[in-house]
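Asks: Fold the following and give me the result.
(one chain, ligands or ions: 1)
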Amino acid sequence: MSRETIPVTVLSGNLGAGKTTVLNNLLNTRTDLDVAVLVNDMGEVNVDAERVAEHSDISEDDEDLIELSNGCICCELRGDLLDALAKLAQAREFDYLIIESTGVAEPLPVAQTLTMGFDQGDLDPTEFYEETGIEVMDYYELDTTVTVVDAHQFWTTFDSKESLMDGDTEKDLGSLLVEQIKFCDVLLLNKCDLVDEETLDEIEEMIEVLQPRAEIIRTEHGTVDPEAIVDTGRFDFEEASQSAGWMQELQEPHESAEEEHGVTSFVFESRRPFHPERFVELLDEFPTNVVRSKGHFWLAGGSEFGLGIDIAGQSIRLEPAGRWIAALPEDEQAQYFEAYPDLEANWHPEYGDRSSRLVLIGTEMNHDELREDLQTATLTDEEMGDDWDTFEDRFPEFDLEPADEQTEATEAQDAEEVGLAD
Ligand SMILES: Nc1nc2c(ncn2[C@@H]2O[C@H](COP(=O)(O)OP(=O)(O)OP(=O)(O)O)[C@@H](O)[C@H]2O)c(=O)[nH]1
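Replies: So this is what the prediction gives:
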């Protein structure tokens, strides 16, 4: 396949709607396209990029996977986005680009950045651009904008708008959802497995009012025919640039996601395991303004493997996140030490690589308080010396096969949607 410009699909959608799931499904569906991926994440740790690397053929060291972390490509990282794309196109040839934006990204400014390059009112030219003069439009062409909507969380997120209507001009996740719905060529109404038919019809009616133009596709677990979102040719610059928001967006200076939506993120890291009972209690009462949390953690008593955690709104999903390197046979450990030179520096003499790392994203979060709550759910000095198997444990049991027989497929089957409160 050869063309003058590389077509681009941009995936947007609220926090936890299923963008990474859609992307991974797409990458695992064979097409004749050589696809490159750019993943943007709010946190300083790009968990989404890690999950793409884990669940598809693309690895994190691969030049096909570009990560932009610690900010949002619709606001403070617009210049970085342009630089990264220009450098990527210069470095290698590929057929198609997919961009996964953060859950707080507005698709309209992302589309403007891709179609107008540095020619936007408030975007300062970067050093790279000053030196090379390369414009993103020399290489790329926006093909399809896709918004993934979480059907299960739809009304909760949508209604959160009403509480802020009383003269409060600050934008909230509800208005962000509306913006994401309004600006797209294809809308994937995802998580349909969690919602009854009647509710789905109601949601669709509302979406059609907000967005009469887009194709709406109902999906479960992000499964969609690639042809519906890749190389559709649906994005129309003329039409988009005449939309009410386009000019307004160009005239207003961009605020960061934090200023505009009150969204912040932070990373919690610990080299101590979580206490199974206290951590469950914390998750049962998890503050509702933590909209999204993802990462992996170490649970006292679970010395073999880490657990992946994925909280999106009210749903908590846990799955084995792979065996600790410290739990592998010595010859396999040696291979990891060779491949990852940094591993040794972070190796604990007794516990090896066992640790927890969670990214939390939310609105108006009190970082110190949350950090302290999480800290309190890890073992105390005294408990570190106790027999960890005697702690009460309400976490689901996961059986992993012996290390050498373990496959990604069996890990995926082991994922459990949990209601820990039950
Ligand atoms: N039941 C159900 N769960 C889903 C579906 N799609 C995705 N999920 C789960 O929802 C959670 C969030 O999915 P992601 O793909 O990470 O969502 P995202 O939009 O990339 O999230 P952010 O990058 O944080 O904005 C994960 O635990 C998924 O496994 C679905 O259709 N049904």
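Asks: these two touch, right, Arg278 and Thr380?
Replies: No: using C-beta atoms under 8 Å, Arg278 is not in contact with Thr380; the gap is 9.9 Å. C-beta here means a position set from N, CA and C on the backbone, and glycine is covered the same way.
Asks: and the two? which has more neighbours close in?
Replies: Neighbour comparison, Arg278 and Thr380: the larger count goes to Arg278, with 20 against 12 (by other C-beta atoms under 10 Å).
Asks: Which residue comes closest to the more buried one once chain neighbours are left out?
Replies: Using C-beta to C-beta, 6 or more residues apart in numbering and skipping the chain neighbours, the partner closest in space to Arg278 is Ala377 (4.3 Å).
Asks: which ones are touching the one you found?
Replies: By C-beta atoms under 8 Å, 6 or more residues apart in numbering, the residues touching Ala377 are 274-275, 278-279, 281-282.
Asks: Tell me how far the strand or helix carrying Leu81 lies from the chain's centre.
Replies: Leu81 belongs to helix 78-91 when assigned by DSSP states H and E. Taking C-alpha atoms, centre = their mean, to the nearest Å, one finds helix 78-91 lying 20 Å from the centre of the chain it belongs to.
Asks: again, but for stretch 312-324
Replies: The answer for stretch 312-324 is 14 Å, by C-alpha atoms, centre = their mean.
Asks: residues of that stretch that come out buried?
Replies: Residues of stretch 312-324 classed as buried by neighbour count (16 or more other C-beta atoms under 10 Å): 312-313, 315-316, 318-324.
Asks: And stretch 370-379, by the same measure?
Replies: Taking 16+ other C-beta under 10 Å as the criterion, stretch 370-379 shows 370-371, 373-374, 377-379 as buried.
Asks: got the CA positions of that stretch in PDB?
Replies: Once non-C-alpha atoms are left out, stretch 370-379 reads as follows in PDB (Å, rounded to 0.1, in the frame of the first residue of the first chain):
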ATOM      1  CA  LEU A 370      -5.600   9.200  49.300                       C
ATOM      2  CA  ARG A 371      -1.900   8.400  49.500                       C
ATOM      3  CA  GLU A 372      -2.200   8.000  53.300                       C
ATOM      4  CA  ASP A 373      -5.300   5.800  52.900                       C
ATOM      5  CA  LEU A 374      -3.400   3.600  50.500                       C
ATOM      6  CA  GLN A 375      -0.400   3.600  52.700                       C
ATOM      7  CA  THR A 376      -2.500   2.500  55.700                       C
ATOM      8  CA  ALA A 377      -3.800  -0.400  53.700                       C
ATOM      9  CA  THR A 378      -0.300  -1.800  53.300                       C
ATOM     10  CA  LEU A 379       1.300  -3.900  56.000                       C
END
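Asks: on that earlier part again, wait, does the next helix or strand after the helix holding Leu81 contact the ligand?
Replies: Next in sequence after helix 78-91, counting helices and strands by DSSP H and E, comes strand 96-100. No: Strand 96-100 lies out of reach of the ligand by C-beta under 6 Å from any ligand atom, never closer than 6.8 Å.
Asks: still on that earlier bit, nearest to the ligand, out of the buried residues of stretch 370-379: which one, please.
Replies: Nearest to the ligand out of the buried residues of stretch 370-379 is Leu370 (C-beta to the nearest ligand atom; 16.9 Å).
Asks: Surely that closest one is in a strand?
Replies: No: according to DSSP: H, G, I helix; E, B strand; the rest coil, Leu370 belongs to no strand; its state is helix.
Asks: burial measure for the residue in the stretch 1-150 of the chain that the ligand sits nearest to, as a count.
Replies: Residue of the stretch 1-150 of the chain nearest the ligand, by C-beta to the nearest ligand atom: Gly103 (2.9 Å). Applying other C-beta under 10 Å, we find 29 residues neighbouring Gly103.
Asks: Now for the nearest residue to it once chain neighbours are set aside, how many residues are close by?
Replies: Among residues not flanking Gly103 along the chain, Leu15 sits closest, at 3.2 Å (C-beta to C-beta, 6+ apart). Burial measure for Leu15: 26 neighbouring residues, criterion other C-beta under 10 Å.
Asks: helix or strand for Leu15, which one?
Replies: Assessed by DSSP H and E, Leu15 sits outside every helix and strand.
Asks: contacting residues for it?
Replies: Counting by C-beta under 8 Å, 6+ apart, Leu15 has contacts 102-104, 173, 291-292, 312, 361.
Asks: CSV for the residues you listed, including secondary structure and pLDDT?
Replies: Shown next, in CSV, are the contacts of Leu15 (DSSP: H, G, I helix; E, B strand; the rest coil; pLDDT from 0 to 100):
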residue, secondary structure, pLDDT
Thr102, coil, 86
Gly103, coil, 80
Val104, coil, 81
Leu173, helix, 79
Val291, strand, 80
Arg292, strand, 84
Ala312, strand, 81
Ile361, strand, 83
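Asks: need the residues of the stretch 1-150 of the chain near the ligand, please.
Replies: 13, 15-21, 48, 103.
Asks: among those, which one has the lowest pLDDT?
Replies: pLDDT across those is lowest for Asp48, at 73.
Asks: these two touch, right, that residue and Leu38?
Replies: No: the pair Asp48 / Leu38 is not scored as a contact, 10.8 Å apart, by C-beta under 8 Å.
Asks: Quick test: name the residue nearest the centre of the chain.
Replies: Asp48 (4.5 Å; C-alpha atoms, centre = their mean).
Asks: and stretch 352-359 with the ligand, contact?
Replies: No: using C-beta under 6 Å from any ligand atom, stretch 352-359 never reaches the ligand; the gap is at least 8.4 Å.
Asks: So what touches that stretch?
Replies: Against stretch 352-359 from outside (C-beta under 8 Å, 6+ apart): 41-43, 45, 47, 265-271, 273-274, 293-298, 303, 306, 309, 324-327, 343, 346-348, 374, 378.
Asks: which among those end up buried?
Replies: 41-43, 45, 47, 265-266, 268, 270, 273-274, 293-298, 303, 306, 309, 324-327, 374, 378.
Asks: For Val8, give the beta-bridge partners.
Replies: When bridges are called by DSSP bridges, Val8 pairs up with Leu97, Leu142.
Asks: pLDDT value on it, please?
Replies: At Val8, pLDDT is 95.
Asks: residues near it, how many?
Replies: 26.
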